[in-house]
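Peer 1: Sequence plus predicted model, see below.
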Amino acid sequence: MLYQYDSLEYRLIYYALCTLGLEWEKDEAAAEVQEVAQIHGVTVSEVHHALEALYTDNPDPDALRAEAEEG
């Protein structure tokens, strides 16, 4: 399902992804990343690439709002 950038759902998903990405960068979260990778039958690297792609494909809603206000 696609959400509008200014919707509550989009913001929640975006910030949850940001939090997840930050947590997974910590050493103590490495086991969690490994577990997610094993569950889905992929490598840890693939999990990180998927998360990075989600960031790239889903821009920051605050940045989009700021751009709209400037333009």
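Peer 2: Yep, that arrived. Numbers count the residues shown, from 1 in each chain.

Peer 1: Give me the mean pLDDT for the lengthiest helix in the chain.
Peer 2: When the chain is parsed with DSSP state H, its longest helix is helix 8-24. Mean pLDDT, computed over helix 8-24, is 81.

Peer 1: what's in contact with it?
Peer 2: 3-4, 29-30, 32-33, 47-48, 51, 54-55, 58, 60-61 (CB atoms under 8 Å, 6 or more residues apart in numbering). Any C-beta I mention is one placed from the backbone N, CA and C, and that applies to glycine too.

Peer 1: Just the buried residues from the residues you listed, in PyMOL please.
Peer 2: Remark: buried members of those, expressed as a PyMOL selection using 16 or more other CB atoms under 10 Å:
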select buried, resi 33+47+51+61
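
Peer 1: Just flag the most distant two among the contacts of helix 8-24.
Peer 2: 4 and 30 (35.1 Å; CB to CB).

Peer 1: All the helices of the chain, residue numbers only.
Peer 2: Going by DSSP H, the chain shows helices at 8-24, 30-40, 44-57, 61-70.

Peer 1: Which positions in the first one come out as buried?
Peer 2: For helix 8-24, burial by neighbour count (16+ other CB under 10 Å) applies to 10, 14, 20, 24.

Peer 1: likewise stretch 63-71?
Peer 2: Within stretch 63-71, no residue is scored as buried using 16+ other CB under 10 Å.

Peer 1: For residue 70, see how far away the residue nearest the centre of the chain is.
Peer 2: The residue lying closest to the centre of the chain (CA atoms, centre = their mean) is residue 17, at 2.9 Å. The gap separating residue 17 from residue 70 is 25 Å, by CB to CB, to the nearest Å.
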